[in-house]
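K.L.:
Need a 3D model of the sequence below.
(2 chains)
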Amino acid sequence: AQSVTQLDSQVPVFEEAPVELRCNYSSSVSVYLFWYVQYPNQGLQLLLKYLSGSTLVESINGFEAEFNKSQTSFHLRKPSVHISDTAEYFCAVSPQTGANNLFFGTGTRLTVIP
Amino acid sequence: DGGITQSPKYLFRKEGQNVTLSCEQNLNHDAMYWYRQDPGQGLRLIYYSQIVNDFQKGDIAEGYSVSREKKESFPLTVTSAQKNPTAFYLCASSAGFGGNTIYFGEGSWLTVV
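P.N.:
Residues are numbered from 1 along each chain as shown, chains lettered A, B, ... in the order given. Below is the predicted model of the structure:
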């Protein structure tokens, strides 16, 4: 079984400040890891994912996440946030074998303050 | 443009009625999914289908039904047996297994009145 814990339900941060959104997971099998972003009343968009190789993965809009196997974490970071980053962020895992299903955390609402 | 189309965007249902949410994809994906989103609970899997004419229950399948008669279509019926159907419903698809990205539609809001 898989479970994902996002430790912060809401994170307010000032514009141009750094941010970290925390994600920990538990799984009896090896998993792939994902971060999705959701803007109000919209579907989810993939932000970045870790499948294998380098443990640090980056997105095109400045976010990065690092897979830490020993701590079973996949925290999301950005060195300087913009107003447009205000959204809900979901961490998810998918088993490496079997059906390609996603198991989600409960989400973190990031609010960027001008 | 390629993508996943969900309709309707907003739907109101009277108690005791069944409603069907449409999901169509033109990405040529084999796998399709339905998720339910409630505030503060993240997304929960209702049903998924890995291939035409086959589907599996997810974590919260009770009160829902699906069909997969065509590769591009995966409609979800919310039956009167679903005790608390008011939620945001998201359809998704992926090319298959092995970490393939799951893509989401824009979602459908269902409200029971």
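K.L.:
which residues does A:Thr106 contact?
P.N.:
The contact partners of A:Thr106, by CB atoms under 8 Å, 6 or more residues apart in numbering or on different chains, come to A:Gln6, A:Ser9, B:Gly40, B:Gln41, B:Gly42. C-betas here are computed from N, CA, C, even on glycine.
K.L.:
Now the phi/psi pair for it, please.
P.N.:
In terms of degrees, to the nearest 10, the main-chain angles of A:Thr106 are phi -90, psi 0.
K.L.:
Please save the CA atoms from stretch B:62-80 in CSV.
P.N.:
Coordinates of each C-alpha in stretch B:62-80 appear next as CSV, following Å, rounded to 0.1, in the frame of the first residue of the first chain:
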residue,chain,number,x,y,z
GLU,B,62,-19.2,2.5,-4.2
GLY,B,63,-22.1,4.4,-5.8
TYR,B,64,-20.4,4.8,-9.1
SER,B,65,-20.3,2.9,-12.4
VAL,B,66,-18.2,3.2,-15.6
SER,B,67,-17.9,1.7,-19.0
ARG,B,68,-15.1,1.6,-21.6
GLU,B,69,-16.6,0.6,-24.9
LYS,B,70,-14.2,2.8,-26.9
LYS,B,71,-10.5,3.7,-26.3
GLU,B,72,-11.2,7.4,-26.3
SER,B,73,-14.2,7.4,-24.0
PHE,B,74,-14.6,6.6,-20.3
PRO,B,75,-18.0,8.0,-18.9
LEU,B,76,-18.7,8.0,-15.2
THR,B,77,-22.2,7.5,-13.8
VAL,B,78,-22.9,8.8,-10.3
THR,B,79,-25.8,6.7,-9.1
SER,B,80,-28.4,7.5,-6.4
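K.L.:
Get me the contact residues on chain A for chain B.
P.N.:
By the rule CB under 8 Å from any CB of the partner chain, the part of chain A lying against chain B is A:4, A:9, A:32, A:34, A:36, A:41-46, A:49, A:51, A:90, A:94, A:96, A:98-107.
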